[in-house]
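here's my sequence, what's the structure:
(4 chains)
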Amino acid sequence: MPIHDQSYRRYAGPRNEPGSAWLVIAAAGIRTLLGRKLFLAVMLAAWGQFFVRAVMFYLSANFPTLNVLAPSVETFRQFFDIQEIFVLFVTVYVGSGLIANDRRSNALQIYLSKPLSRVEYVAGKLGILAFFLLMVTLVPALALLLLEAMFSASLAFLLDNLFLVPAIALYALMEVSLASFTMLALSSLSTSARYTAMLYAGALFFTAAVFGILRGATASSMLAWLSLRANVEQIGDVIFRLPPRFESPWPASALVVLLLIGLSALVLERRVRGVEVVT
Amino acid sequence: MMASMSRRTRYVALASGGVLAVGLCGGLVAYLNRDAAPGAASDALAELAFVPPHATALAFADVRAVMASELRERVRRIAPDGVGREQLERQLGLDIERDIDRVLVFWAPEPDAAAAEEDGSSGLALFRGRLDAERLEAVARRGGAEVTEEDGLRIVTREIEGAGALAMAFLEPGLVAVGELAAVRSAARRGPGGDGIDADADMMRLLGRVDDRSSFWAVGRFGDSGLLGWVPEQVSERLPPVAAFAVQGRINGGVSVSLAVEGRDDAAAQNLRDVVRGFVALAQLQTLGNPDLQAILDSLQTGGDGTAVTLSLRVPAEAIDFLLSMLASGEAS
Amino acid sequence: MSSPHEPPPSPSRPDGPSFLGSVARIYDLSFGQMLWSRRTVFMVLVVGGPVAVALILRLLVSMDLFDAGGEIDGRPVNIDGPVIFGLMIWGFYLSFSVPLLGVFYGTSLIADEVEDRTITYLFTRPVPRGAVLVGKYLAYLVCAGLLVLPSVVLVFFLVVPLLGGSVGAGFPDLLKDLALLAVGLAVYGALFALVGALFKRPLLTGLVFIFGWEPVVIVVPGYMKRFTVSYYLQGLVPHAMPEDGGVTSLVLRVLQANEILPSATVGLVGLAVIVIGGLALAVRLVERREYVLEQ
Amino acid sequence: MSAPVVAAEHLSKWYGQVIGLNDVSVEVGPGITGLLGPNGAGKSTLLKLVTGQLRPSKGGVRVLGEPIWGNPRLFFRLGFCPEQDAFYERMTGMEWVTALVGLNGLSEPEAAEAARSALDTVDLLDAADRKIGGYSKGMRQRVKLAQAIAHDPELLVLDEPLAGMDPIARRKVIRLIKERAAGGRSVLVSSHILHEIEAMTATILLMHNGRILAEGNVHTIRDLIDEHPHQVRVRASDPRGLARGLIAHDDVLKLQFEDGAVVLETDRPDAFYGRLTEAAATGALGEIHEVSSPDDNLQAVFDYLVK
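Sure thing, here's the model as predicted:
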């Protein structure tokens, strides 16, 4: 056998099942982020509200005079409202560089030259962002629900409002999917993490400002579907069985959210490729 | 510095500088011509040129805004007929609701006794709106008014029993003065070019306190020759020593009102503040158990420092309903 | 490499260009770069958005889909062109475009070139590093001003004449607004130039500042709000801010006397301190800092 | 020796825990000096310290008699061509060089003239009005060189200037560097390829692991490399048969067997590789699977010097 045929040899080691590679990417990304002090500080700040609410729950359960602090469905809805800003910070911090940095250093080609499908690559990256976003939404909210039952030593509130469990899950899932998909799609469009972060924050606040102006000028909130944030809030109210805060129909908001996720998936499909797509 | 810019960059810089320059020039021209422009209806201050410098009280109402407001609707539901509206329409052909954009009323007692005798009285109302001189004259004539012409100014007068002559004249297109004959003449003589209230620094300072966008406002001062001369002495003695006041408000579903009063000195102002606080506390006691009135009082804010005392409150729509219903039932009983 | 060339006139001028001369040259070099940077997309959005909204509003008015009155956050407002314009100045420019432009450009004055690894070319020339920062800051200011201010003028002419508003009467407000926005761009730019020189992840810090810190602290009573930019900007605002709602500016003025809002003088002094102090500190930091470029 | 153009004294630089440059004391004289060493040896760190982009962690460096950190005036006399392939891609070559040389205080026409002259020198005048983004790798290297020489500096510092150039451009750049030295200017140029440096100058600094291993004439150093035996590891189906066939010649000094492979030491690599290739082609000594060298030339001489 001539020498020039000898340069490449088959990998003979053990092999993971195809389809599990995304876990490797996600785990590596999560580990890297957990090693950063600044990021841990952001996460800690994001859990601030959880601790405050936990104390309030404890007080209301143990001191009848502090009954005003007792939780209600609105409490959990408000919890998510306040977490919104941390969802933004985490999305920007974690998500902006996920694909952009790989594109910048040409690592995307290297990834995709491995036995790894594009879907797995995207799933791995999504996993990193979704993990941390769920850590600041779903996990603390469910933990609060659990704490309430433990502090009051009764399942009464939980059983009365059993729908809260699926509502929290559904809301967190929607918020997290929207944030992760759109951020990842933006990240795949650029080679600069900073620029991606700007685009994301810009889009979020720009749509909110447009809605704010039109709301002021038309004296009606029929145009709430224009704002990314208002859409999430509007659907959230419906999920939590509260009166919607805007006049616009909530299915319009749901449609916008679904369209955005679909559009982001489409962008990812086009942009995450081994070779540059020249358009 | 511009030499090294690429052509593209230069175009952008020129285009954006051009937009800025054209916009600023256009705005400046509009600003300088705003009095001359016939359609400059929203400029509240144009009528001030007809107000003499010694005026002691001015009041203004944005009729169009008030008429378009929900409050008006509510009032109409309870009191269908505008008070005095028919009378004015019958006698002078003015329909407040349709024709008038805004009204400025002032009170300017002549400091000079001789002049006062000549002029008789010195209050005048200026109406700005879509007014047709010929139609108004025709209507007024039918109502028994006479039309005379003095120095090119056509004056419609009508004697009213016990109140002297009510006169009306077009000071300029779209601007009608209504008042006693002498006051109308005096305003016409002054004209838009003469010494108006804007020469009176004291009054202009008061006017400066007023927001341009208020639906209505009124300012007044209590100088030696001012309102104090007009208020009976027994009353003025008991009034706290107030130098001037400004009240203004906005109308929509509800009404937001704010009042600013200037005391003669710091001590007087402090005294006034105490009086107001006492009043508020008393009112709070009185309205316990009535959530509508309570809401009004909750919105009530007092403040001010030095010689100023301020008070603002907002009357929400529900409270107005409540007040109106009280009024209606009071009339009925 | 072709024929041996005549050496250019010897440029060895031992004293070199002055600080201001260097600033001017860096400005010259950076202006075009900045205008055509990848942020242009973002700029177009920020600047074109309000104009588009203004056009939509005109359309709505011409189609009579408009109530000349309504409520904003429970406060009644008589809506006419000038009110909408004030709303847009506040909602779009002052609380959105200007801080965001300040953050995005201010934090990347130097960071952009570090990220692109082109900073070497500027730092190995006989210009003080501080002049690089200041020159780029000026380029940002002119660039952002050339885009934001004409957009405001367009919005003014599109929106103010609506519903009985008068362009002439609103003109002084326009001038004040333009000045206010220029000041805002200068202040936020200088502040975030400092943040960019100070922190490793300036963008996140900047976003936390404008969307986390400012809106929260500004409503906290006490002295905390003095650590925000909007506190000082409020002192210069000709339009009542939404917090002041439809209530008259009379109340606003009395509040100012009570130092709930700063006076225009306090506002101007505070802003000047932020601009000069921020830039001076940023210059110091840039002069002393090493930039290790990723390979 | 005349006054040194660069003088480092106990110069050290570390990045956090990583040492980039370790207690270097060296003087660089006028003329061309080559800075030679493998990747990661500390060449770039040294050049960044010399051009004032980094501040020494310890010790000091003087350029043309003055300290360089925080002394921008020195850049009137200094030109630097960095290693990274980074540009204002949207500018044309002419705009870019003009703008940069303008920072030296030249007026607009002076700067344009200097830029034109420099672009002519690097043979880029034809492409001067094209955007840098559209340049080939070699052109980008040359335009980078043009901005470094446009103000005719006394000392030119070049970090890997020949990387990515085709052989013709490489020859031209080497000639350009030599011409500058002949014109009385000094050049400090880094490379990890010995023969590139050899083509430019006989004076070199040899760096490894953040230290200067040797300085002086290149021929002396080349001799060291030749004296030092070269190791070659050959994996073959029949290592012993292969060894028998190769050892017959006297350029093989030593051999040693590993599992399925033989490691040989030779003092004349050229001749040895010739025979090995022949043997592989004819198959006379059995199948050869893989040939590798545990030490390339430079590494070997470094090891030798470090020992």
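
going forward, measure contacts and count neighbours with C-alpha atoms only.
Fine.

burial measure for C:Val283, as a count.
A count of nearby residues for C:Val283, using other C-alpha atoms under 10 Å in any protein chain shown, gives 22.

so how far is the helix or strand where it lies off the chain centroid?
Using DSSP states H and E, C:Val283 sits within helix C:264-288. Taking C-alpha atoms, centre = their mean, to the nearest Å, one finds helix C:264-288 lying 14 Å from the centre of the chain it belongs to.

what does stretch A:113-122 give?
Its chain's average C-alpha position is 22 Å from that of stretch A:113-122, according to C-alpha atoms, centre = their mean.

what residues sit buried inside that stretch?
Neighbour counts using 16 or more other C-alpha atoms under 10 Å in any protein chain shown place A:117-118, A:120-122 of stretch A:113-122 among the buried residues.

check stretch C:19-30 too.
C:19, C:21-30.

tell me which parts of chain D are close to chain A?
Neighbours of chain A within chain D, by C-alpha under 8 Å from any C-alpha of the partner chain: D:280-281, D:287-290.

out of the buried residues of stretch C:19-30, which are close to chain A?
Within those, nothing lies near chain A by C-alpha under 8 Å from any C-alpha.

need the residues you listed in TSV (columns: distance to chain D and secondary structure).
TSV is the format used below for those (distance: C-alpha to the nearest C-alpha, whole Å; DSSP: H, G, I helix; E, B strand; the rest coil):
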residue	distance to chain D	secondary structure
C:Phe19	11	helix
C:Gly21	8	helix
C:Ser22	7	helix
C:Val23	10	helix
C:Ala24	10	helix
C:Arg25	6	helix
C:Ile26	7	helix
C:Tyr27	11	helix
C:Asp28	8	helix
C:Leu29	6	helix
C:Ser30	10	helix
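
make TSV out of these and add pLDDT and distance to A:Val87.
TSV is the format used below for the buried residues of stretch C:19-30 (pLDDT from 0 to 100; distance: C-alpha to C-alpha, whole Å):
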residue	pLDDT	distance to A:Val87
C:Phe19	85	44
C:Gly21	86	46
C:Ser22	88	43
C:Val23	90	40
C:Ala24	89	42
C:Arg25	88	42
C:Ile26	90	39
C:Tyr27	90	38
C:Asp28	86	40
C:Leu29	86	39
C:Ser30	87	35
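
in those residues, find the pair that's most separated.
In the buried residues of stretch C:19-30, two members sit farther apart than any others by C-alpha to C-alpha. They are C:Phe19 and C:Ser30, at 16.2 Å.

quick one: low-confidence ranges for the stretch 101-250 of chain D?
D:222, D:225-227 (pLDDT under 70).

residue ranges of the strands in it, please?
D:155-159, D:186-191, D:203-208, D:211-217, D:230-236 (DSSP state E, counting those that start in this stretch).

now those strands as CSV including mean neighbour count?
CSV is the format used below for the strands of the stretch 101-250 of chain D (neighbours: other C-alpha atoms under 10 Å in any protein chain shown):
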stretch, mean neighbour count
strand D:155-159, 25
strand D:186-191, 26
strand D:203-208, 23
strand D:211-217, 18
strand D:230-236, 22
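
including distance to chain C, could these go into CSV?
What follows is the strands of the stretch 101-250 of chain D, written out as CSV (distance: least, C-alpha to the nearest C-alpha, whole Å):
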stretch, distance to chain C
strand D:155-159, 11
strand D:186-191, 15
strand D:203-208, 19
strand D:211-217, 20
strand D:230-236, 32
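
I'd like to know which elements the helix holding C:Val283 is packed against.
helix C:129-159, helix C:167-198, helix C:229-234 (3 or more C-alpha pairs under 8 Å, 6 or more residues apart in numbering or on different chains; DSSP states H and E).

can you pull the buried residues of that helix?
For helix C:264-288, by 16+ other C-alpha under 10 Å, it's C:264, C:266-268, C:270-272, C:274-275, C:278-283, C:285-287.
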